[in-house]
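A.B. asks: here is the input, now give the coordinates:
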Amino acid sequence: MRTTFRLDDELLAEVKALAARTHRSMNSVVEDALRELLARQRRRSRQEVSLTTFGGNGLQPGVDLDDTAALYDLMDEADEAS
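C.D. replies: Prediction:
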């Protein structure tokens, strides 16, 4: 596909110099640079996330994490007992 970009003069000079040094076309250099940038972005978005966990015996008997109202009731009971 053919498209047009506006590049900073210094950046264009660097691309031309790199293309000449590596015996490649400017198009090839720009394509590789864009591929590398996109791959780096994909790797960043897939980084593992470390979640903090706390020890204990798991859920209290009868606790349903899908029942928000019941969870609020249990937290209120715990606050009242404190």
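A.B. asks: quick one, longest helix in the protein?
C.D. replies: As assigned by DSSP state H, the longest helix anywhere in the chain is helix 26-45.
A.B. asks: please compute how far that one lies from its chain's middle.
C.D. replies: 16 Å (CA atoms, centre = their mean, to the nearest Å).
A.B. asks: buried residues in it, which are they?
C.D. replies: residue 29 (16 or more other CB atoms under 10 Å). Placement of C-beta: from N, CA and C, glycine included.
A.B. asks: return the list of helices and strands in contact with that helix.
C.D. replies: If contacts are counted by 3 or more CB pairs under 8 Å, 6 or more residues apart in numbering; DSSP states H and E, helix 26-45 sits against helix 9-21.
A.B. asks: what residues of the helix it packs on count as buried?
C.D. replies: Under 16+ other CB under 10 Å, the buried positions of helix 9-21 are 15, 18-19.
A.B. asks: coming back round to it: so for the helix or strand following the longest helix of the chain, mean pLDDT?
C.D. replies: Remark: after helix 26-45, the chain's next helix or strand is helix 68-81, criterion DSSP states H and E. For helix 68-81, mean pLDDT is 85.
A.B. asks: what residues does helix 68-81 touch?
C.D. replies: By CB atoms under 8 Å, 6 or more residues apart in numbering, the surrounding residues in contact with helix 68-81 are 60, 63-65.
A.B. asks: alright, calling it a day.
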